[in-house]
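Student: quick one, what's the 3D model for this:
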Amino acid sequence: METLQYAIRKLIYAIPLLFGVTFLSFILMVHFGPDLTYSILPKSATQEQIEEIRAELGYDLPFLQRYGKFMKEVVTLDFGSSTSSGEKVSSILKKAVPVSFLVALPAFILANLLGILLALYAANHRGRFPDKAVMVLAAIGMSISYLMVVIAFQLIFCTSYGLNWFPVQGWVEPPPDYPDATAGEIFYYYWYYYWSYVAVPTLASIFVALGYNTRFFRAVIVEELNRDYVRTARAYGVRNRKIMMKHVLKNAMIPISTRIIITLPFVVIAGNLVVEKFFGIPGVGLVTYDAITNGDLPIVKAVVTCTAVLYVLALILTDIVYKIIDPRISYSK
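Tutor: As a prediction, the model looks like this:
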């Protein structure tokens, strides 16, 4: 009950921030955004046709009315139709968001889990060879361009120049219509092809993200190792493994959870533009790339606005998670 009340209070406090985020998005992408009139009409359009399209797009409305229309789109998640395909933007995102989530989820989980484990290992051997080796590998991973990693992994695992283990591009298609297929066979079909398409993007994402995660997590854990309670526990003969896993990691989880949670909106909405473009995966990243290249403002507006709003909500979620991690944190303040 206390957690629910705190969440509601934080949502109320976040209204000015949400207002600021949506207002800034409106100013940059709508009010001062590109004029789509001449991209819709031919060069030979008459003045009457131009005025008709401008009225249809809402360009003739006063500033506050346009902002009110934009806020209605944000609240109802109805951003109109794509200027390229004519399909509803909400329908496009409804199909693309789950794909981006399924692509990014394995890399998101593994990169954070492995980052925490490597950070614990490095921090536990601080200043010695294992620590230096982990940090050197992390620095190498951080220094290589994400684009180069994706291209290299694609060549190594997906082409005849390398191992040719996985398909170069594509996504899971519905299984063939076999009337006698069992539920287990259908599940195996989806599971097999899902991992065949997601394996290489996952490896590429882990390779890049692991360096950043490990360095950040290690810094947080090393800071905890310098606390007085660690020296006291060691003085009393508490085993090092128990100190690291039960005390140090638990106290370090607040900054670690903050980093993890604030990246969730980018996993759910923003997608991974580079991976989805190179592997031909029909997620939000590919949809956004096509929208940018085609000047499809409704889709770009929807993706940017939804990501910004979810980012604000993720900040609220971090405060709630703090209480779960450390019950000593009071919601009354």
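
Student: just checking, what packs against the top helix by length along the chain?
Tutor: Identified as the longest helix of the chain according to DSSP state H is helix 183-225. Other elements packing on helix 183-225 under the criterion 3 or more Cβ pairs under 8 Å, 6 or more residues apart in numbering; DSSP states H and E are helix 89-124, helix 129-143, helix 146-158, helix 249-262, helix 273-279. C-beta: built from backbone N, CA, C; applies to glycine.

Student: and Pro174, helix, strand or coil?
Tutor: At Pro174 the chain is in coil, as set by DSSP: H, G, I helix; E, B strand; the rest coil.

Student: return the most buried member of the helices and strands packed on helix 183-225.
Tutor: helix 273-279 (a mean of 23; mean count of other Cβ atoms under 10 Å).

Student: show me what it is packed against.
Tutor: helix 89-124, helix 146-158, helix 183-225, helix 284-294.

Student: how about stretch 165-179, which residues are buried there?
Tutor: Phe166, Pro167, Trp171, Val172 (16 or more other Cβ atoms under 10 Å).

Student: pretty sure Asn112 is touching Thr214, no?
Tutor: No: Asn112 lies out of contact with Thr214 (Cβ atoms under 8 Å); the separation is 10.1 Å.

Student: tell me which residues touch Tyr59, please.
Tutor: With contacts defined as Cβ atoms under 8 Å, 6 or more residues apart in numbering, Tyr59 is in contact with Asp35, Thr37.

Student: which SS class is it?
Tutor: Classified using three-state DSSP, Tyr59 is coil.

Student: quick check on it: phi, psi?
Tutor: phi -70, psi -20 (degrees, to the nearest 10).

Student: could you report the distance from it to Asp35?
Tutor: Counting by Cβ to Cβ, to the nearest Å, the gap from Tyr59 to Asp35 is 7 Å.

Student: Trp171 belongs to a strand?
Tutor: No: with three-state DSSP as the criterion, Trp171 is assigned coil and is not in a strand.

Student: tell me the confidence at it?
Tutor: Residue-level confidence at Trp171 comes out at 90, pLDDT.
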